[in-house]
Structure formats: structure tokens, C-alpha cells
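Novice: Structure for the following, please:
(2 chains)
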Amino acid sequence: MSMAANPSAGEAYASPPAEPEIPKRRNAELMLLVVALVVGMFAYANVGFAMNNKLPGNFWTVGIGFAVVLLVAHLAVRWLAPYADPLILPLAAGINGLGLVLISRLDPYNIAHGLAPSSGAAKQQAIFSVLGVLVLIAVLFFLRDHKVLQRYAYISALVGLIMIALPAVLPASMSEVNGARSWVKFAGLSIQPAEFAKLLMVSFFAAYLHAKRDTLALASRKVLGIWIPRGRDMGPLIVSWAFAMLVLVRETDLGVSLMFFGAFVIMLYLATERASWLIFGVLMFIGGAVLVGLTFSHVQVRFESWLNPFGDVTNTSRQTAQSLYAFANGGLFGTGLGQGYPYLVGFANNADYIMDTVGEELGLVGLAALLIAYGLFVARGLKTALLVRDPYGKLFAAGLAVTFALQVFITAGGVMRVIPLTGLPMPFLAYGGSALLANWILAALLLRISDSARRPLPPALPLSAPPGFYDPHNPGNDGPNQAVRV
Amino acid sequence: MNRPIKKVAIFCFALFAALFLEGNWIQVVKASSYSSHADNLRNTIYNYDVQRGSIMVGSTQVAYSKATGSSTMKYQRVYSNGSVYAPVTGYFSSEFGTANLENYENSLLSGKDTRLATQNFLRKAEGKDQAGGSVVTTIDAAAQQAAYQGLSSTLSNVGQGAVAAIDPKTGAILALVSLPSYDPNQLASSSGTVQSEYAKQLNDNPLQPKLDQALQATYPPGSTFKIITSAAALTNGVNGSSITPSSQITGAPLDQLALPGSTATIQNSGGETCNDAVLQDAFAQSCNTVFGYLGLQLGASTLQNEAEAFGFNKTAPAVPMQATTSVFPSNLSQPQVAQSAIGQFDVRMTPLEGAMMASAVANGGVIEAPYLIAKELDTKGNVIASASPTQLSQPISSTVASELSTMMQGVVTNGTATSLQNLGVSVAAKTGTAQRGAGQNSVAWMVAYAPANDPKVAVAVMVADNGVTSDEAFGNTLAGPIAASVIKAVLDNPAAN
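Specialist: Numbers count the residues shown, from 1 in each chain, chains lettered A, B, ... in the order given. All right, here's what the predicted structure looks like:
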């Protein structure tokens, strides 16, 4: 616009250049939501035809319901976060939709084998998907500025730590599901508190590191070309390391442990730009994990199955082996939805092992597409971190994105034997209400931060102040102002 | 702070790239290796979603897949006359895998055979289930039934028995019966519990119902081995002079044979004294003393060479099921040579080998390779492969074969195989009654072929441990009637003539 102003016009005062119009991209979001809906419904129809030679009985009900929910979410974003990133909502909705299809595809087997409620796991997951979207709207409505969360940093930390530690402290009867102690069970409900804790802890890390970044970055000595932090500044790292080890030992949960510690170390690096934190963090985690692995048999078993998945195929490494067989059977293009045997992995085939169904029935091609969807979600989170102006927001958005990326890697990597098997649900895809709600909150937080990142600044004050205001650039213009005159 | 964010973005990309690379590794590079793992249930379950091909006897399906109407296990394997044909069909079990033709022809039956690739591609395009090809066996239904009924009424649920019948001119297996048998339907049950309980019952049975007595069990051949001892004598001569069936075996004792270097003796059945030491007479009367003496004159290596020419000590044929090798022992002492010459000591023979022995005599000295699969059909029933008979070996010359034929006919007309008289055709045969170790009953054998002038069937019948004492367990009375009914069934079948 400023180029359009013609200097030869001889105007004494050029009108101030107008801010470039920032596209809100809400229509792009709507189009992408339609794509997510169509892909999901095609997949659902595919399952019906493959397994029962007909369209699923509730196809149109589900389709219209899904469409309405997405439309409401879209309108809410249009209203509450108009500048938000246009990819975050469609990606979350698309992966959630695919997850619902996969869960419903596994339901016949799981219901027959008592691995799912008799009404079907898909129905429950659908209810939680709707709740997730409502929670997203609620977060956008009540949280108009993410910086508010900075104020609750220490409360977040306290609640988050309690949530992570709770399953470790509770008796096994209240915290153990099939050997994994990462649940809190009461009144017929099973909650994975770590899923909510990850949001609280990332918010705390962001606030804490924002406050302490200078101390942590600058007060260090250079030894052999790397910056060594002062001993007392190692405190937070050591505390979170100790916590990660406690989770590993008590909850058998390498996944949660790795996700939290990894997120903390990476955020420490983001805040300080000191690679030495990464080196210390990685060394400490590997050292700790090896030590724990050598000491505690249940962690050892996981490592054993990882190194030798076909060693004890009837017992400890059965699921690892069956998981690999699912991927192998899928090959390049997959068997097609409803035409493979991904349920053979047994328990948690629709949760921790849901990637088996992707690998077997959608093939390497489908796996790659899903990884790209996850990757784009992470990329939009990091892009938000780059754009947002306040350092807390930067750390918070980057932390959320990194936590999400780590969870995808740890979960899929465990199932595919990149790393030892852990016990995290695949974000948005896996069966599990608490994880789904937590991830919708994560999406809402990223929408909120990205809205703030892309929202144009309020127009700058004009050079000459309106009458009645004191203008420091032009003090003699109007004499003393009224306030002084009283 | 933006610089480290960009570095972390690259790190996140690396995480996803690692997952993608691992996907390539397990879904493409290692895929076929993982798919072949024994504990990968997909192979078995896949088979239940395929319209598996049939196993046929003539135009009758003895094993076939029936649509269940369920979406998880779409087809159920059904065996008609399951226990009669179990040694042929085997079983197709989700818990215990496959056996016999279900195992050896699994590639064709399950539709994985590359010859069916085009048809199955089109079926997939039409939305139909994958289908397998079918196998037509060489089995003669009447002969199989006759053998099974004969054996089961003789054994009456005690002991073991087997029948192997071959067309001597082609090697086509006409009957293959093993008792006790089992019901493959139980092992193919849609209920894993039924399968497991039945399998436990079979495994706990000391008579080993799953062991194919006709192909995979060996027993002392007893006097049927005298065919080979005679063949060695007729081929090589005795002590430098050639002999014929009417030659006298000079020096052979008629009542008992003292074994050199030992106090033991060989006696004749029931302690009888033989009429004379003429080869064909001694053969017809199954005279142990003469044949024991003959074995000593021939020597261990001549006997062993002759036995090996007939297939002993050599990898037995695969029909396609691999048969067990029959054994003639080596490093024999003199008494052991004499005992081996009458099919005792450590000589061991499968019923299939017995039938092959008769085939050699019936077919001018040539053994045709035995086979069980006549034709392979594609998913539409078109023939994609037919068996062509191949010569396995020629243990004896045609002259020796015809001399042995004369001798074996004498066994029926004026010897021990009286049960094979009155069949309306001339039959050639040799009986056998082998003693086993202490506490075990004798093994009764009948090895025969008919018609003697134009052989259509060579059969070996083995009856073991039937609960009667050794003296009564003559090949003629126990195994003979079964052989007679099998021969009759084959010759009565219009297709055979």
C-alpha cells in the first residue's frame, strides 16, 4: 500500500501507511474441515462395505452429526479466535475422525472378546469427541489471552506433579490397567492424568523458564567449548530428572517419563539457547534409564522385547511381535480397511496399538499420510511459536508442539520398535476419553496462541495526539494539558 | 528465541522421518520374513477367509470348504468319511496347522499358488472371496472303503494296521489306510476348545492315531522279505551256481537251522518240518529253515544289496507325503544274517514298501514312483497339472520278475495264502508273520498283486498288535481277507478295466 503513495503528488504529509490486511484464513479452514469430513466418511463407508457388504447403518446420522460438530467448532473459532491458524482445527478433526473409524472397525472383535464395552468403544469415543470440541470452544471462550496462564504457573506445576505422581502413589487396584500403572480409577471412571498434566507442566515450564532464562543462560562457564551451567542452576533439571525416574520406576511408564523430561529439556534449550542443557539432559536420561533398566525387572522386560521381539512370542514379547506382523502384513498399500487382522495384537488394539491398524489396513502409504498430518500439526504449533510476540507464548506454543511430537514419536516408535514399547495413547487417534479431551485442550491452546500471534496490533497512536492528550513529540503544541491545568 | 525453535523444528522432522524409515523397514524390507513366522496367526486365519479348494476322490469331495455365513471365519472345512481318508487328506486346523495333502498342497488349496494369481485377481476385482484350486487324488474309493472296513473289523479298536495299494503299472496309489484313525473334522472345528481337547486325546493315545501307519511306521516284514531273499538268489545264484525256482537248495535243513557261532536255532512256523528244499516249494510253504540257510549262503552284503535295490536304506519316495525309509541292518553276525533273510532281527519295512516290492514283481522288475495326486485343478475346475508316471527303480530283471511271479502265484495255489483263492483271477502273494520283542504281539502281513497275468493292483496289508497271540497271527488269516477284499474292489471297479 505504501508503494501506491505517490511522492510526486507533493503532499506535505503522506497519510500513515495502512497495516497490511492480515488474512484470517477462516474460509481455508472451512474447506479443510470439509476435506477432513469427506475423508473420514469415506473411510467409514469403506469399513462398512468391507466388513458387512453395506453402508454402516448409522452412516448418515454419523455424517451429519460429525458435520454439525465441525461446523459449530468452525463458527466458534471464527467468533472467538478469528486469526487462529487455519490448519490446527482440520488436522485435529481429521485425525480424530480417522481414529473413530479405526475404533469402530475394531469393535466387533473387541466386543466379542470383552475388550470393549458392549455398546462399542466407538460410541464412547464419539461422545468424548463431541465433548472435546465443546471443551475447545470453552477454552477459547474463557481464555481470551494465553498470557493469563502465566499467573498460575506454580499452581499448574503443583497440580501437574500431583497428577503425574498420583498413579504411582495409589494402590495398584486403583491405578493399574493391564500392567501399566498410569491410571486413576474411581467411581467406574478411568482417567489417564498424565494427559492433562502434560498441558499444566508445559505451561509451568514456559513460565518458569521465561522468568529464569537469563540466569540459566548466562551464568555459566565455558569448558572445552561447551557452556557448563553453575551447580545451583542444575537444580530444576535434577528435580525433573528425579521425577522422570520416579515415574519410570513406579509406573513402569517409560513413555510418560520420556515425554515430560524430553519436553522439559527441549524447552530449557529453547529458553537458554544453550546446547549444553540438551547434552546434560540426554546423558542423564540415558544413564538413568539404563540404571533403572538394570535394576528393575519390569523395565528390563520392555527392553528385552525391544531388542528381541521374537524371543518370547507367547508371553512377554507377544504384543511387540504381533504388532510387527500387522505392519508387515500391510506392506506398501495395506489390506484395505476392515480386511486385515490388526485386532490380533489383543489388549489395547484400539489404544496404544492403534497404529497397527493404520499400518496393516492402510499400508505404508496410509502411515506416511498420517505421519504427515501429525507433522503438520507440530509444524503449525512451532510456526505459532515463531510468530507469537511474547516469550512466554513462544515457549508455551513450542512446548506444546514438542510434547505432541514426542508423544507421537514415543507411541508410534514403541509400536514399530524404534524404541522400547511404552504406554502412551496416540494423540487424537487412540481410544481414551481423557487423552482425547486433553488433546482438544492442547489444540484450543494452540489456536488461542496463534490467534494472538497473527492478530494485528492495535493501530499505533497517530503522530499528533488528538486534542486533550499530551503529546511528548510536540510538547509546545497545545500548552500544558488539562490535567496540569487543574 | 526463534533460532532454537527452528532447530527444534528440524529435530521434530527427524523424529517423524525416523518413523517413516522404520515403516519402510518393517512394511517393505522385512515384510515377507515377518509374514513367514510360525507364530504369525495371519497365515492360518487368512486360510479361513479363503474358499479353500477341495480334495477329491474321483468326482467325490472328501475335503471341502463350506461357507459359514459369518464374516470372521468365512469358511468351515468339512471332511466326509473323515477317518477313512485321514491318511490322505490330513487336517486343516487353526490351532494345529495342517497335515498330509492339506499340508503338502496348501499353496494350491489356499489359492496362493501363482498359477491361480490371474483368476484370484479377477475374483478380487469382482468382490468375490479368494479361492483355492482342487486336488484330485489317485485313490480308488471302493478299494479305500474295503481296506478301511476290513482293517477296522479285524482290529476291532485294538492295535494298529495299514493298507497300501498301488497300481503297479503307473505307481498311482489306490488305497492308503491307517488304523487307528482320527476325525479331521474335530481338528478343523470352529471351536478352539474342541480342537485342543481332541488333539490332547489323540496325543495321549499310545496307538498314535495321527501316525500314518501305511507311510510312516515300520515293522519287521517277516516272511514277506523272502521275496527279496529269493530275488537275491535268483539274480546272483548260490555258491557260484545259478538257480531257478525249481532248484534244490542243497544242504538246507528242513526241520531246524542251527545258527553258526550260537546255540540258537531257526524253526519253522509251529515247529513244522518242510516238505522239501526246492526254492519255490520252500517259498510257498514259507519255510524258515531253507530261507535262513539260503541267507547264510548268499551272505550279508548280497542280501543288503538286494534289499537296497528294492528301496531299503534309501530315502523313501514322497507321494507327496514323505514316507519313512525301510531299513536293512548292516554289520550282521552270521545268526543275524539268517534271521534277516527271513525278515526278522532288525529288518523294518513300511506297508508302502511292501506294496512297492509286489509292484516290482508285477511290473517286470520295474517300480514306478508311487504318487497320490492325479490332477490339480484351478478355481474353476480346469486341469492345470496331471501326474505322469515315472520309473523309480528297477531292482530285478524281467526274468527274475517272472520267476518270482510264478513263485508268488504258487503261494496262493498251493501255499500259505489260501485266503486269496477263489477271487476269480490268478493272484500272486506272499504271507508274513513277524515276531517282535517280548510283550509285543506278532505282525501279520499279506503282500499280493492281481491279476497275475495283467496286474492292476499291488497291495500290502499289515496288522499289528491286534490282541491275538503270535501263533494265531498268521498273515493269511488276518491280513489275507483284507487284501482279498481290496483286490476284489479294484477289479470290480469298471474304471480299472
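Novice: When you work out contacts or count neighbours from here on, use the C-alpha atoms and nothing else.
Specialist: Will do.
Novice: what ranges of the chain fall below the confidence cut-off?
Specialist: Since no chain was named, I'll use chain A. Along chain A, the model assigns pLDDT under 70 to residues A:1-20, A:177-181, A:187-188, A:219-229, A:231-233, A:248, A:251-252, A:460-486.
Novice: Sorry, I should have been clearer: chain B.
Specialist: For chain B, the stretches flagged by pLDDT under 70 are B:71-72, B:438-439, B:466-473, B:494-497.
Novice: hang on, isn't A:I354 packed against A:F428?
Specialist: No - counting by Cα atoms under 8 Å, A:I354 does not reach A:F428; the two are 11.0 Å apart.
Novice: Quickly note the distance from the residue nearest to B:P168 when sequence neighbours are not counted to B:V463.
Specialist: Closest residue to B:P168 apart from its sequence neighbours, by Cα to Cα, 6 or more residues apart in numbering or on different chains: B:S359 at 4.6 Å. Using Cα to Cα, to the nearest Å, one gets 20 Å for the distance from B:S359 to B:V463.
Novice: Those two: which is more packed in?
Specialist: Neighbours were counted for B:S359 and for B:V463 using other Cα atoms under 10 Å in any protein chain shown; B:S359 has more, 32 against 28.
Novice: Thought B:P451 was touching the more buried one, still the case?
Specialist: No - B:S359 is beyond contact range of B:P451, at 12.0 Å (criterion: Cα under 8 Å).
Novice: does the residue nearest to B:S386 when sequence neighbours are not counted count as helix, strand or coil?
Specialist: Among residues not flanking B:S386 along the chain, B:K375 sits closest, at 4.4 Å (Cα to Cα, 6+ apart). Following DSSP: H, G, I helix; E, B strand; the rest coil, B:K375 is assigned to strand.
Novice: What residues does the stretch 151-300 of chain A have near chain B?
Specialist: Listed as neighbours of chain B in the stretch 151-300 of chain A under the rule Cα under 8 Å from any Cα of the partner chain: A:I266, A:Y269, A:L270, A:A271, A:E273.
Novice: which one is A:A263 nearest to, not counting chain neighbours?
Specialist: Closest residue to A:A263 apart from its sequence neighbours, by Cα to Cα, 6+ apart: A:T403 at 5.5 Å.
Novice: any idea which element the residue in the stretch 351-497 of chain B that chain A sits nearest to lies in?
Specialist: In the stretch 351-497 of chain B, the residue that lies nearest chain A is B:T379 (21.7 Å; Cα to the nearest Cα). Using DSSP states H and E, B:T379 is not contained in any helix or strand.
Novice: what's the nearest residue to the spatially most central residue of chain B if we skip its chain neighbours?
Specialist: Among the residues of chain B, B:L215 comes closest to the average C-alpha position under Cα atoms, centre = their mean, at 2.7 Å. Spatial nearest neighbour of B:L215, chain neighbours left out: B:A323 (4.8 Å); criterion: Cα to Cα, 6+ apart.
Novice: Let me see the contact set for that neighbour.
Specialist: The contact partners of B:A323, by Cα atoms under 8 Å, 6 or more residues apart in numbering or on different chains, come to B:L215, B:Q216, B:A316, B:P317, B:L352.
Novice: continuing past the helix ranked longest in chain B, what's the next helix or strand?
Specialist: Secondary structure of chain B per DSSP state H: the longest helix is helix B:2-24. Per DSSP H and E, the first helix or strand lying C-terminal to helix B:2-24 is helix B:31-35.
Novice: Might you calculate how far that following helix sits from the centre of the chain?
Specialist: Centroid separation between helix B:31-35 and its chain, computed with Cα atoms, centre = their mean, to the nearest Å, is 34 Å.
Novice: Can I get that helix in CSV, CA atoms only?
Specialist: Extracted as CSV, the C-alpha positions of helix B:31-35 are listed here (Å, rounded to 0.1, in the frame of the first residue of the first chain):
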residue,chain,number,x,y,z
ALA,B,31,7.6,-57.8,5.5
SER,B,32,7.9,-61.3,3.9
SER,B,33,10.3,-62.5,6.6
TYR,B,34,7.8,-61.5,9.3
SER,B,35,4.9,-63.0,7.4
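Novice: Against which helices or strands is it packed?
Specialist: In terms of contacts (3 or more Cα pairs under 8 Å, 6 or more residues apart in numbering or on different chains; DSSP states H and E), helix B:31-35 is packed against helix A:318-330.
Novice: Pull out the buried residues from stretch A:28-46.
Specialist: Of the residues in stretch A:28-46, A:29-30, A:32-34, A:36-38, A:40-41, A:43-46 count as buried by neighbour count, 16 or more other Cα atoms under 10 Å in any protein chain shown.
Novice: What is the nearest of these to A:L209?
Specialist: The closest of the buried residues of stretch A:28-46 to A:L209 turns out to be A:E29 (Cα to Cα; 33.2 Å).
Novice: does the closest one really touch A:A93, like I thought?
Specialist: No - applying Cα under 8 Å as the test, A:E29 and A:A93 come out as separate, 11.2 Å apart.
Novice: From A:G288, how far out is the residue nearest to B:L215?
Specialist: From B:A323 to A:G288 the distance is 59 Å (Cα to Cα).
Novice: Check B:G90 too.
Specialist: Note on B:G90: its distance to A:G288, by Cα to Cα, is 56 Å.
Novice: Looking at those two, which one has more neighbours?
Specialist: Legend: neighbour count by other Cα under 10 Å for B:G90 and A:G288, higher for B:G90 (25 against 17).
Novice: got the phi/psi numbers for that one?
Specialist: When read as degrees, to the nearest 10, the backbone of B:G90 gives phi 70, psi -150.
Novice: Let me see the contact set for it.
Specialist: By Cα under 8 Å, 6+ apart, B:G90 lies in contact with B:T98, B:A99, B:N100, B:L101, B:E102, B:N103, B:P184.
Novice: So which of these sit within strands?
Specialist: Residues of the contacts of B:G90 located in strands (DSSP state E): B:T98.
Novice: Out of the contacts of B:G90, give me the one that has the most neighbours.
Specialist: Ranked by neighbour count (other Cα under 10 Å), these have B:P184 at the top, with 28 neighbours.
Novice: what about that one, distance to B:A217?
Specialist: Taking Cα to Cα as the measure, B:P184 falls 20 Å from B:A217.
Novice: can you check A:P456 too?
Specialist: Using Cα to Cα, A:P456 is found at 90 Å from B:A217.
Novice: Next to chain A, which bits of the stretch 151-300 of chain B? Give me the list.
Specialist: Counting by Cα under 8 Å from any Cα, the stretch 151-300 of chain B has no residue next to chain A.
Novice: tell me which residues in stretch B:54-61 are buried?
Specialist: For stretch B:54-61, the neighbour count (16+ other Cα under 10 Å) marks B:S54, B:I55, B:M56, B:V57, B:Q61 as buried.
Novice: circling back to that earlier point, residues near the residue nearest to A:A263, how many?
Specialist: A:T403 has 24 neighbours, counted by other Cα under 10 Å.
Novice: Hmm, A:S257 and it touching each other?
Specialist: No - using Cα under 8 Å, A:T403 is not in contact with A:S257; the gap is 11.7 Å.
Novice: circling back: what about the residue nearest to B:P168, which SS state?
Specialist: B:S359 - assigned by three-state DSSP - is helix.
Novice: With B:F312 instead?
Specialist: B:F312 - assigned by three-state DSSP - is coil.
Novice: try A:Q339
Specialist: Going by three-state DSSP: A:Q339 is coil.
Novice: State the distance from the residue nearest to A:A263 to A:G293.
Specialist: Going from A:T403 to A:G293 by Cα to Cα gives 24 Å.
Novice: For the stretch 351-486 of chain A, what lies in contact range of chain B?
Specialist: Residues of the stretch 351-486 of chain A found near chain B (Cα under 8 Å from any Cα) are A:359, A:363-364, A:367-368, A:371, A:375, A:378-379, A:382, A:385-386, A:391, A:394, A:398, A:402, A:405-406, A:409, A:412-413, A:416, A:418.
Novice: so who does B:T235 touch?
Specialist: Counting by Cα under 8 Å, 6+ apart, B:T235 has contacts B:S242, B:I396, B:V400.
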